[in-house]
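**Student:** Provided below for reference: sequence and predicted model.
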Amino acid sequence: MSRLTEEAVLKALERHAGKIRYVYGPTGRQTLAEGKDLTQVQYVIGTGGALTRLDEGASILKKATIGDNPNRLLLPNDDVEVLIDHDYIMASIGVLSTKYEKASLQLLKQSLGI
């Protein structure tokens, strides 16, 4: 199950993170960033499925965000903090927060272990 989770996380990162691309022109090679630059993200939150149920969910997510990067993805830096939505409530909290802002924030922090 852990290996499948790792692959799912890697695929999600490939879909969400931008990428460095090289283009060649008359002035030589230029570096372009395409898509979302996640290099300055402070927190990565795992929610749902195996990430919330496996004991190593947080380490899988951390390893994927700072591991080998052969595709030149714009991934978070090494100091990113990984949080797990243990109670799988992020989607619900978004709706609840429109009416119960403080209680929703408290529930979210509890689920993330903050």
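**Tutor:** The structure has been received and is ready for your questions. Numbering: from 1, shown residues only.
**Student:** Retrieve the pLDDT associated with the residue of the chain most remote from its centre.
**Tutor:** Relative to the centre of the chain, the most outlying C-alpha is that of Pro26, 37.3 Å out, by Cα atoms, centre = their mean. You'll see Pro26 listed with a pLDDT of 93.
**Student:** Ramachandran angles for it?
**Tutor:** Note on Pro26: its backbone torsions stand at phi -60, psi -20 [degrees, to the nearest 10].
**Student:** how near is it to Leu73?
**Tutor:** Distance of Pro26 to Leu73, given as Cβ to Cβ, to the nearest Å: 28 Å. Backbone N, C-alpha and C define where each C-beta goes, glycine included.
**Student:** for Lys19, same thing?
**Tutor:** 6 Å.
**Student:** ok, now Val23?
**Tutor:** 17 Å.
**Student:** More neighbours: which of the two?
**Tutor:** Leu73 (21 against 9; other Cβ atoms under 10 Å).
**Student:** The closest residue to the more buried one other than its chain neighbours: what's it in contact with?
**Tutor:** Of all residues not flanking Leu73 in the chain, Ala17 sits nearest, at 4.4 Å (Cβ to Cβ, 6 or more residues apart in numbering). By Cβ atoms under 8 Å, 6 or more residues apart in numbering, the contact list for Ala17 reads Gly35, Lys36, Leu38, Leu73, Leu74, Leu75.
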